[in-house]
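In: fold the following.
(one chain, ligands or ions: 1)
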Amino acid sequence: MAGGGPSSEDKAESGRARQVEAEDAARGGDLLIDVCCGPCALTMDMVVRLDRQGCCLLFYNPNIHPFTEYRKRLETFLAYAGSQGFGHRVLPYEPEEWIRAVAFHEEERCRACYRLRLSRAVLYAREWGFAAVSTTLFASPYQDHALLASLGGSLAAEAGLDFLVWDGRAAYRDALREARARGMYIQAWCGCLLSERERYDRSHRCGKSAGGSS
Ligand code: SF4
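Out: Modelled structure (predicted):
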């Protein structure tokens with residue numbers, strides 16, 4: 001994972017944020033889930049057992065490069081969400097937004113990337129009247145869970161929303177096996193061009209995101 005841990009400000013904000021238990025969120029209520037890819041959505045469903053009536057999946061991934069890769073992940077997401085009966089939304093592809101967010105902050109790019117995606121999810125949730133937000137990024141052992149919880153909790157609390165923190169790391173390998181069995185596309189790098197380079201060039205590996213699938 002590129003970038004440092006959460007700042008004391010982030011931790012304080014996170015402490016103030018209301019975080020709902022997975023069990024409560026799964027029972028109902030309007031939960032908007034930021035989805036990074038189909039396999040991680042599957043992982044979240046295996047762990048949290050999502051209520052189809054009470055949640056909606058949101059696909060906003062300006063961090064996925066190049067466009068052909070974005071399209072593969074989008075198609076996998078749409079097939080999964082449709083086959084599982086999930087309500088879902090897709091926001092426009094905006095790689096320019098990701099480039100602007102991380103430019104000159106490459107060493108902390110994951111923080112900027114998380115912030116961009118979670119901010120958009122929180123904004124969407126507030127506009128459309130959802131009560132809580134979460135993200136499938138919690139599925140992956142390659143992502144920074146503490147930072148995600150801190151940022152997500154902070155952004156959601158500022159908007160008066162709950163933020164669901166969950167942990168899919170123990171189920172991740174089984175979920176990937178299940179995704180393969182279902183014929184789902186499984187990516188080999190996190191998303192951005194920098195993470196794609198890290199996949200092949202060890203000299204540029206800078207943390208847990210190197211080589212991670214999402
Ligand atoms: S490695 Fe993943 S989380 Fe980090 S900036 Fe790239 S796409 Fe975003």
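In: setting aside sequence neighbours, what's the nearest residue to the most centrally placed residue in the chain?
Out: The residue lying closest to the centre of the chain (Cα atoms, centre = their mean) is L137, at 3.3 Å. Nearest residue to L137 in three dimensions, chain neighbours excluded: Q143, at 4.9 Å (Cβ to Cβ, 6 or more residues apart in numbering). All C-beta spots, glycine's among them, are computed from the backbone N, C-alpha and C.
In: next SSE after the helix or strand harbouring C56?
Out: In the assignment (DSSP states H and E), C56 maps to strand 55-59. Toward the C-terminus, strand 55-59 is succeeded by helix 67-84 as the next helix or strand (DSSP H and E).
In: okay, the angle between that following helix and strand 55-59?
Out: Interaxial angle of helix 67-84 relative to strand 55-59 (axes from the mean of the first three to the mean of the last three Cα atoms, to 10 degrees): 170 degrees.
In: circling back: so the residue nearest to the centre of the chain sits against C36, correct?
Out: Yes: using Cβ atoms under 8 Å, L137 makes contact with C36 at a distance of 5.4 Å.
In: what score does E23 have for pLDDT?
Out: Per-residue pLDDT puts E23 at 48.
In: what's the answer for Y200, then?
Out: 89.
In: how about it, phi and psi?
Out: When read as degrees, to the nearest 10, the backbone of Y200 gives phi -110, psi -30.
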